[in-house]
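>>> Pasting the sequence and the predicted model now:
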Amino acid sequence: MTEVHLLLRKDPAASAAAVVFIVGLATMGGFFFFEYVLGYPPCPLCLDQRMAFYVSVPLAALLWLGAGHGAARKVLLLGFLAIAALMLWNTGLSAFHAGVEWKFWPGPTDCSGPLNKLGSVGGLLNKLQDIRIVRCDEAAWRLFGVSLAGYDVLVSLFLAAVAGLGIKAARARPE
């Protein structure tokens, strides 16, 4: 057996936390890369989708550390439950966002749909100098026809499943 298999068998809770941490951190690196290197500013829904990672990644790091240092079963269980819940919520939010991009349903009025209530021409010109609207209903980037929101569905669902394995592993730990 390889060393990875031995680690997975030795402490599956720590392994689950490590996977959530590493994949979540890589995902965060990805969305910051798209924003700051490639120049794709996030829409309001994209920013909302990041919140689950901002909580889950540090929590996974703490669980990884705690699992290796004898954290209580209840602490591990609650931590993995929180990650699973956040990632399932994010899966739904990302699926909603992907549906908005595909025009299956309307998105939030502040970032999709028609531009109404722009005011007078002079007021509009002043507003246009100060704001940049990033639309939620237009995918800025796609790979194989799947947008970033679509990939977030897959990543979030995967991390929820890994957190589910962490819950199972935490329940199997001795008190």
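Perfect, I can see it now.

>>> Tell me where this structure has helices.
3-10, 12-32, 44-68, 73-101, 121-130, 148-172 (DSSP state H).

>>> Name the nearest residue to residue 27, sequence neighbours excluded.
residue 155 (5.4 Å; CB to CB, 6 or more residues apart in numbering). The C-beta positions use only the backbone N, C-alpha and C, and glycine is treated the same way.

>>> So for that neighbour, what's the pLDDT?
The model reports residue 155 with a pLDDT of 97.

>>> Tell me how far it lies from residue 138.
To residue 138, residue 155 is 21 Å away according to CB to CB, to the nearest Å.

>>> now the protein, which segments are flagged as low pLDDT?
Within the chain, the segments meeting pLDDT under 70 span 1-9, 110, 112-133.

>>> residues near residue 81, how many?
15 (other CB atoms under 10 Å).

>>> is it true that it touches residue 167?
Yes. Contact criterion CB atoms under 8 Å: residue 81 and residue 167 qualify, at 6.2 Å.

>>> and the closest residue to residue 18 other than its chain neighbours, what does it touch?
Nearest non-adjacent residue to residue 18, counting by CB to CB, 6+ apart: residue 64, 5.1 Å away. Applying CB atoms under 8 Å, 6 or more residues apart in numbering to residue 64 gives the contacts 14, 17-18, 21.
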